[in-house]
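Asker: how does the following fold in three dimensions:
(chains A and B)
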Protein chains: 2
Amino acid sequence: MEIKLAESCGFCFGVKRAIRLAESNPNSVVIGELIHNRREIDRLSQNFGVRTAASAEEINGGDRAIIRTHGIEKEAKAKLLTITDDIIDATCPYVTKPQKIAETMSQKGYQIVIFGDRKHPEVKAVLSYADKSAAVVADASELETINIGDRVALISQTTKSIAAFGEVAAALIARTSEARVFNTICNATYDNQEATRKLAKEADIMIVIGGKNSSNTKQLHAIALKYCADSYLIEESSELRREWFSGKRLCGVSAGASTPDWIIEEATKSIAQFELLAGLD
Amino acid sequence: MEIKLAESCGFCFGVKRAIRLAESNPNSVVIGELIHNRREIDRLSQNFGVRTAASAEEINGGDRAIIRTHGIEKEAKAKLLTITDDIIDATCPYVTKPQKIAETMSQKGYQIVIFGDRKHPEVKAVLSYADKSAAVVADASELETINIGDRVALISQTTKSIAAFGEVAAALIARTSEARVFNTICNATYDNQEATRKLAKEADIMIVIGGKNSSNTKQLHAIALKYCADSYLIEESSELRREWFSGKRLCGVSAGASTPDWIIEEATKSIAQFELLAGLD
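Answerer: As a prediction, the model looks like this:
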């Protein structure tokens, strides 16, 4: 049986970079959970002494503070700088970009409109760089509820779909003289979905690794099931069953955006082990 | 019977302005037909000696030249200036705006994309102000056939529908980092349609005045017919029939974008005359 990993799966560029920064800055303190994966946070804590603070207020004078991929609000960063200047900024560059756009376009007199979830830390941080006329909309229909200026800069939360962003842009254009639309969407999630779809089409068993409560992982599992009936969602290798692989030709492996490489490797090694044991039967 | 004119009908702002300029510059020469209405062109010729030249090449040294609402290409204007500096620019301000945007945005390094009909004089003129990377697309699907840069300024032909423009913008956003979308649509045609719809709903007879081969007039007639079965399309008052108005309560009047006010007035006076004659019966 061949084991094939999806061309794009697991951590995105920004998350990988943040973990590298955490590993190279032992005993530092992350403001908020670095990623939504308990085992990875435990690993960073055990191997590198990296702790987690609930908020910037918990940082002390002597701490080396890590800002996570989502970024933090402008005011929180300013406050943090009064406590320590030993700061490692792991804000994803794809998130720094909309922050800068919000700040520059506000200065140039554009009203900022952000397409995203107003409760998401990334959106809160981007919003903090815009002036008071800024607004956050969850979809095109929400645009109707806000005042729209004559010149607007439109930004998207990095994880939104481009089709939905296009709908917001189209609705906005009808209500303003100039809409300056910045495509700030990161397509890592989209790439993972497309790669899983492609792999599931040729595989006769699919293993999707990730949190069972993770929305993007569940989406990958649903896509896999559509093209390959024998698709399983697991959180870790101990859940794998030897009998699943009996008589299979090609095993496809994919993973959600919050699944670290080492958990993926652990699982693929376990699968290969079943194959080896099958040869000894 | 009450006679009510649609809140918005007939000539748009730009056409009215062009005719005012022609009237106040007797014996001038218009480059191309000022408007698509033979009777109005004859009136300007007979009453004001305003002639029509087929192109800028036909202008002579002593002529006072009028540039019509569509504008002319940058090179043609430069050439014209070598012949005469006695130029009346009747380019509609709504058309001058996209010309200026095309020029300024080209200078700022944006690729210009124009949503419109590449054979239309207005589009040709706007395009002449952009640099060589510019493209004209008739719809969103045409975007797929052209190379798209990293920073694009999107402009619309003034008479396009905002919904179709939104579709082009949405498709563009997926292919570029920054799409600077300028809403250059003039809504005069849209306003005329909405006003006709509103009036037809309350009227029990509708008279739509305009060319029988005029696309926008035919559209107004179709809208009127939808809400008022007794809707007639006429080119001039001689076509009106007294019996149409017998027993009617409210007569609505609308007119296409190429119908001058005096032709509308002529028709409403004729309708009022029928009413007067009915009183004498």
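Asker: phi first, then psi, for A:Ile155.
Answerer: phi -130, psi 150 (degrees, to the nearest 10).
Asker: could you export stretch A:255-269 as CSV, CA atoms only?
Answerer: Taking Å, rounded to 0.1, in the frame of the first residue of the first chain, the C-alpha atoms of stretch A:255-269 are listed here in CSV:
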residue,chain,number,x,y,z
ALA,A,255,-4.5,17.4,8.1
GLY,A,256,-6.2,20.5,9.4
ALA,A,257,-4.5,23.9,9.8
SER,A,258,-4.0,23.3,13.6
THR,A,259,-2.2,20.0,13.2
PRO,A,260,1.6,20.1,13.7
ASP,A,261,3.9,18.2,11.3
TRP,A,262,5.1,15.9,14.1
ILE,A,263,1.5,14.6,14.7
ILE,A,264,1.2,14.0,11.0
GLU,A,265,4.5,12.2,10.9
GLU,A,266,3.6,10.1,13.9
ALA,A,267,0.4,9.0,12.1
THR,A,268,2.0,8.2,8.8
LYS,A,269,4.7,6.1,10.6
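Asker: pull the residues that contact that stretch.
Answerer: For stretch A:255-269, contacts defined as Cβ atoms under 8 Å, 6 or more residues apart in numbering or on different chains pick out A:3, A:5-6, A:9-12, A:15, A:19, A:35-37, A:39-40, A:43, A:188-189, A:192, A:207-211, A:214, A:216-217, A:220, A:234, A:236-237, A:240, A:253. Backbone N, C-alpha and C define where each C-beta goes, glycine included.
Asker: go through whichever helix in chain A runs longest and flag the buried ones.
Answerer: Criterion DSSP state H: the longest helix present in chain A is helix A:261-280. By neighbour count on 16 or more other Cβ atoms under 10 Å in any protein chain shown, the buried set for helix A:261-280 is A:263-264, A:267-268, A:270-271, A:274.
Asker: next one: stretch A:187-202
Answerer: For stretch A:187-202, burial by neighbour count (16+ other Cβ under 10 Å) applies to A:187-189, A:192-193, A:195-200.
Asker: redo those as a markdown table? Include distance to chain B, secondary structure and pLDDT.
Answerer: As requested, those are exported to a markdown table (distance: Cβ to the nearest Cβ, whole Å; DSSP: H, G, I helix; E, B strand; the rest coil; pLDDT from 0 to 100):
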| residue | distance to chain B | secondary structure | pLDDT |
| --- | --- | --- | --- |
| A:Asn187 | 10 | coil | 75 |
| A:Ala188 | 16 | helix | 85 |
| A:Thr189 | 15 | helix | 77 |
| A:Asn192 | 18 | helix | 90 |
| A:Gln193 | 16 | helix | 87 |
| A:Ala195 | 19 | helix | 95 |
| A:Thr196 | 21 | helix | 95 |
| A:Arg197 | 19 | helix | 94 |
| A:Lys198 | 20 | helix | 97 |
| A:Leu199 | 24 | helix | 98 |
| A:Ala200 | 25 | helix | 98 |
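Asker: and which of these is nearest to B:Ala134?
Answerer: B:Ala134 has its nearest neighbour among those in A:Asn187, at 27.8 Å by Cβ to Cβ.
Asker: in contact with the residue nearest to the closest one when sequence neighbours are not counted, which residues?
Answerer: Excluding the flanking residues, the one nearest A:Asn187 by Cβ to Cβ, 6 or more residues apart in numbering or on different chains is A:Ile162, at 7.8 Å. Residues in contact with A:Ile162, defined by Cβ under 8 Å, 6+ apart, are A:183, A:185, A:187, A:190, B:173-174.
Asker: out of these, which sit inside helices?
Answerer: A:190, B:173.
Asker: from the contacts of A:Ile162, pick the one nearest A:Phe115.
Answerer: A:Ile185 (9.2 Å).
Asker: separation between that closest one and B:Ala174?
Answerer: 9 Å (Cβ to Cβ, to the nearest Å).
Asker: more neighbours, those two?
Answerer: Neighbours were counted for A:Ile185 and for B:Ala174 using other Cβ atoms under 10 Å in any protein chain shown; A:Ile185 has more, 23 against 15.
Asker: can you report phi and psi for the closest residue to the more buried one other than its chain neighbours?
Answerer: In space, and not counting its chain neighbours, A:Ile185 is closest to A:Ser156: 5.1 Å by Cβ to Cβ, 6+ apart. Dihedral pair for A:Ser156: phi -120, psi 150, per degrees, to the nearest 10.
Asker: and A:Ser156, what does it touch?
Answerer: A:Ser156 neighbours (Cβ under 8 Å, 6+ apart): A:98, A:114-116, A:165, A:168, A:182-185.
Asker: what about 10 Å?
Answerer: Counting by Cβ atoms under 10 Å, 6 or more residues apart in numbering or on different chains, A:Ser156 touches A:98, A:113-116, A:123, A:126, A:162, A:164-166, A:168-169, A:181-186, B:173.
Asker: same check, this time on A:Gln111
Answerer: A:105, A:130-135, A:146-154, A:176.
Asker: where does pLDDT dip in the stretch 51-200 of chain A?
Answerer: Within the stretch 51-200 of chain A, no stretch has pLDDT under 70.
Asker: need the residues of it near chain B, please.
Answerer: Counting by Cβ under 10 Å from any Cβ of the partner chain, the residues of the stretch 51-200 of chain A close to chain B are A:97, A:101, A:140, A:150, A:152-154, A:156, A:162-185.
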